[in-house]
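Student: Mind looking at a prediction? Sequence and model below.
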There are 2 protein chains.
Amino acid sequence: MNQMVEAKADRMTEAMKTIAQLENQDPDKIKALVASGRVVIPKNKKRKTEKICGIGEGLRVKVNANIGTSPKSLDLKREISKAKVAAAAGADTLMDLSTGGDLTSIRRAILQETDLPLGTVPVYQAAIEAIRQRGSLVDMTKEEILNAIRLHAEDGVDFVTLHCGITQETITRLKRQGRLMDLVSRGGTFLVEWMVYHRRENPLYEAFDEILKIAKEYDLTLSLGDGLRPGALVDATDRPQVQELILLGELTKLAHKEGVQVIIEGPGHMPLDQIELNVLLEKRLCDGAPFYVLGPLVTDIAPGYDHITSAIGGALACWKGADFLCYVTPGEHLRLPTEEDIREGVISARIAAHAADIAKGIEGAKELDKVMARCRKNLDWEGMIEHSLDPIRVKTYRERGEEDVCSMCGEYCVIKMVNEYLKDAL
Amino acid sequence: MNQMVEAKADRMTEAMKTIAQLENQDPDKIKALVASGRVVIPKNKKRKTEKICGIGEGLRVKVNANIGTSPKSLDLKREISKAKVAAAAGADTLMDLSTGGDLTSIRRAILQETDLPLGTVPVYQAAIEAIRQRGSLVDMTKEEILNAIRLHAEDGVDFVTLHCGITQETITRLKRQGRLMDLVSRGGTFLVEWMVYHRRENPLYEAFDEILKIAKEYDLTLSLGDGLRPGALVDATDRPQVQELILLGELTKLAHKEGVQVIIEGPGHMPLDQIELNVLLEKRLCDGAPFYVLGPLVTDIAPGYDHITSAIGGALACWKGADFLCYVTPGEHLRLPTEEDIREGVISARIAAHAADIAKGIEGAKELDKVMARCRKNLDWEGMIEHSLDPIRVKTYRERGEEDVCSMCGEYCVIKMVNEYLKDAL
């Protein structure tokens, strides 16, 4: 049973009902949105977990946290612990981007240990195993890439990033553009290396029909990757980026026809004044498919604070219609995230997502702020802790918890003054 | 010699030339902007320091850092140290908001120790001294408030926050509105308490002519405070807030006529979708006077992360035309900021300011990002550290500084792959 196929046939699924309940919306509306491809429910048929989420138009913006090993850092226990930290901080989905150690065992362990929808990038595994076994990623075959996708689907992965839109055509556009940063997508770069070496088309583009077959079998959601994601402000919204988006739109149409759910991935590094345009363009070119953005990071000059540069861009993008926000940690560009980086990254992305939900008028969003404001008005510190996005941090910051005011104003606390002296006057 | 008076008389000052040089702009353009009140140069004639900045239309967004004691935390040495931390992190101006200890000695020590333009809130001193000497702030007299302003000006303070727009009329509007949070401005609340008790008009409104005389004597810049600043999203852009802004616009006109420089203070807590409207309204109602925003904080539910909630709102506000950004630290709503909070607050506000400068097309802004992107492309870690907003954090995060890649991707570093294998192909 595939969500989109059922929705198109006007049949209601349990998953649609669950999403409707979670979002406090009409189930028929959810069904219609899934049928049109404007909302996806990433859930592999093989996955046992009950925790699902809907991503797309009219729904609360969802936050993804990336975890995973690297060749320099391959402690499985640490990754499991990171998955738990991300979930506890409120991530809606996880992606395992492991590139170090036994990739299959790591993925299976993470699937075992988390009940959040899980995404992966199968081409990492195909490329890395080719490098390990034969010394070079150009020795990777199309069959190995398809096998990796099938293996991930069989394991229960709910959504996969596939860089199908990097083609010989986009590479030509890239050459003609003369970018400062060329490529910053890892999966995209693996594929370009392969394509340049073999002078052949991207296997993920050529074999899209076969990919759709696998996706249908497992109801695997395709997250069409942006291999041409700009890695610097100066490269944003350039011709190769838009070229790739056009191709992703064409592939989205093919997928939707087959009842395969699609998400479109987006930038990246981008000035504030190009963000709305990018969201509107994606929605138009890709038939309203959910937009999954990484940031955008609104400046290049703040390494160590990229959770903030991306919260700024992410809030604006999601307000204007992006649906799914990939967190960026403070350590982005510098190091693999620590557990504290992960917590901070998830909370920052949730702030951006929630600010957008309020501005978009998403059901129930602004009510959370009203509850917090009421706690503030009543100097109800327990309530403020309980209703804050990160209760742990509030507790830590509020060292002297016994007082009714905070150390900022002390006896000159405005709230206290108003409540005591101006209650009747105002 | 007053900047605005000179500019109106078409006379160029050294300060205007300095600002033109700092901003890489035509001095005549700066002179015209100062004459029209669209740009201010906060510099008290008594102040010896050479460091000045221009604030307003077409200029780089400036960042202010608040420091100051509270009744619970009154270590002068710590405040001096905070002033230095803020300056080192790149703050353009400082405000001393002290409410604990000997306010005059503290202010003078800060003026001595920093060369940044300094702002204060004189009504704090008048109110707190009335409380200390006579037990209640309602015993404060109009003369004492004016004396406090004169004393601060005589000490060399460059700009003062004055909540002149809270009047009996605005209080009536506030009552009719029925706000959730009523008042959250401390200076504003002091005045409302006084006005309600005495059933009299706001002395800062009544005595505005006398205030203008003091301002003219010292070329003291008036920062007209928003006593009705919303303290919760649900209260944003309501009738009392807009009423106060109308009054501030009228006072701005009077000040400009006398050649007194004016800044308008703005919100506050505010949903993303109301920010542009607030900036446009301020510019229209206040004859283009520079807009000085605190945030806006785009959600109420993230205490402990309000440097991020305000960076989101601040970036948008400044892109749409706000000129001056008051930092908010992670500890806002919870505690007096630590030195680390101050550093993080300043950097977060600088990120927002810079993102806005890029989007507005401010001279030289996007070039900084290009330099960083080039360092990234060359895996030039020394360059990345040097050109980042916070070199200290980049160094700290990059633990294993001897490697040419970061721990995130290790050997699968995209930049390295592209530079090694795709250099000729792309």
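Tutor: Right, received. Where do you want to start?
Student: how about the residues of the stretch 51-200 of chain A near chain B?
Tutor: Residues of the stretch 51-200 of chain A lying near chain B by C-beta under 8 Å from any C-beta of the partner chain: A:70-73, A:99-100, A:128, A:171, A:174-175, A:179-186, A:189, A:192-193, A:196. Backbone N, C-alpha and C define where each C-beta goes, glycine included.
Student: among these, which ones are buried?
Tutor: Taking 16 or more other C-beta atoms under 10 Å in any protein chain shown as the criterion, what is buried in those is A:70, A:72-73, A:99-100, A:128, A:171, A:174, A:179-186, A:189, A:192-193, A:196.
Student: Out of these, name the ones that lie in helices.
Tutor: A:128, A:171, A:174, A:186, A:189, A:192-193, A:196 (DSSP state H).
Student: And the furthest pair within these?
Tutor: A:128 and A:174 (24.1 Å; C-beta to C-beta).
Student: still on that earlier bit, reformat the ones in helices among the buried ones among the residues of the stretch 51-200 of chain A next to chain B into JSON lines and put pLDDT and distance to residue A:2 next to each item.
Tutor: Below are those laid out as JSON lines (pLDDT from 0 to 100; distance: C-beta to C-beta, whole Å):
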{"residue": "A:128", "pLDDT": "96", "distance to residue A:2": "30"}
{"residue": "A:171", "pLDDT": "95", "distance to residue A:2": "33"}
{"residue": "A:174", "pLDDT": "96", "distance to residue A:2": "35"}
{"residue": "A:186", "pLDDT": "94", "distance to residue A:2": "30"}
{"residue": "A:189", "pLDDT": "96", "distance to residue A:2": "32"}
{"residue": "A:192", "pLDDT": "97", "distance to residue A:2": "32"}
{"residue": "A:193", "pLDDT": "95", "distance to residue A:2": "34"}
{"residue": "A:196", "pLDDT": "95", "distance to residue A:2": "36"}
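Student: of these, closest to residue A:390?
Tutor: residue A:186 (30.0 Å).
Student: Just give the closest residue to the closest one, not the sequence neighbours.
Tutor: Nearest non-adjacent residue to residue A:186, counting by C-beta to C-beta, 6 or more residues apart in numbering or on different chains: residue B:414, 5.1 Å away.
Student: which residues touch that neighbour?
Tutor: A:183-186, A:189 (C-beta atoms under 8 Å, 6 or more residues apart in numbering or on different chains).
Student: now residue A:240
Tutor: A:170, A:173-174, A:177, A:179, A:228.
Student: Could you name the specific helix or strand carrying residue A:110?
Tutor: Per DSSP states H and E, residue A:110 falls inside helix A:103-113.
Student: so what secondary structure elements neighbour the helix or strand just after that helix?
Tutor: As assigned by DSSP H and E, the chain's next helix or strand after helix A:103-113 is strand A:118-120. Secondary-structure packing of strand A:118-120 (3 or more C-beta pairs under 8 Å, 6 or more residues apart in numbering or on different chains; DSSP states H and E): strand A:93-96, helix A:103-113, strand A:159-162.
Student: In JSON lines: those, plus mean pLDDT.
Tutor: Shown next, in JSON lines, are the helices and strands packed on strand A:118-120 (pLDDT from 0 to 100):
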{"stretch": "strand A:93-96", "mean pLDDT": "98"}
{"stretch": "helix A:103-113", "mean pLDDT": "97"}
{"stretch": "strand A:159-162", "mean pLDDT": "98"}
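Student: Highest mean neighbour count out of these?
Tutor: strand A:159-162 (a mean of 27; mean count of other C-beta atoms under 10 Å in any protein chain shown).
Student: ok, residues contacting that one?
Tutor: Under the contact criterion C-beta under 8 Å, 6+ apart, strand A:159-162 has outside partners A:42, A:93, A:95, A:117-123, A:149, A:152-153, A:187, A:204, A:211, A:220-225, A:263, A:265.
Student: Okay, buried residues for stretch A:69-88 please.
Tutor: Of the residues in stretch A:69-88, A:69-70, A:72-74, A:76, A:79-80, A:82-83, A:85-87 count as buried by neighbour count, 16+ other C-beta under 10 Å.
Student: Show the average pLDDT along it.
Tutor: Stretch A:69-88 shows a mean pLDDT of 93 in the predicted model.
Student: Residues in contact with it: which ones?
Tutor: A:65, A:67-68, A:94, A:96, A:98-101, A:105-106, A:109-110, A:113-116, A:336-337, A:339, A:342-343, A:346, B:407-412.
Student: again, but for stretch A:195-203
Tutor: Taking C-beta under 8 Å, 6+ apart as the rule, stretch A:195-203 contacts A:138, A:142, A:145-146, A:163-164, A:166-168, A:171, A:191, A:194, B:421-422, B:425.
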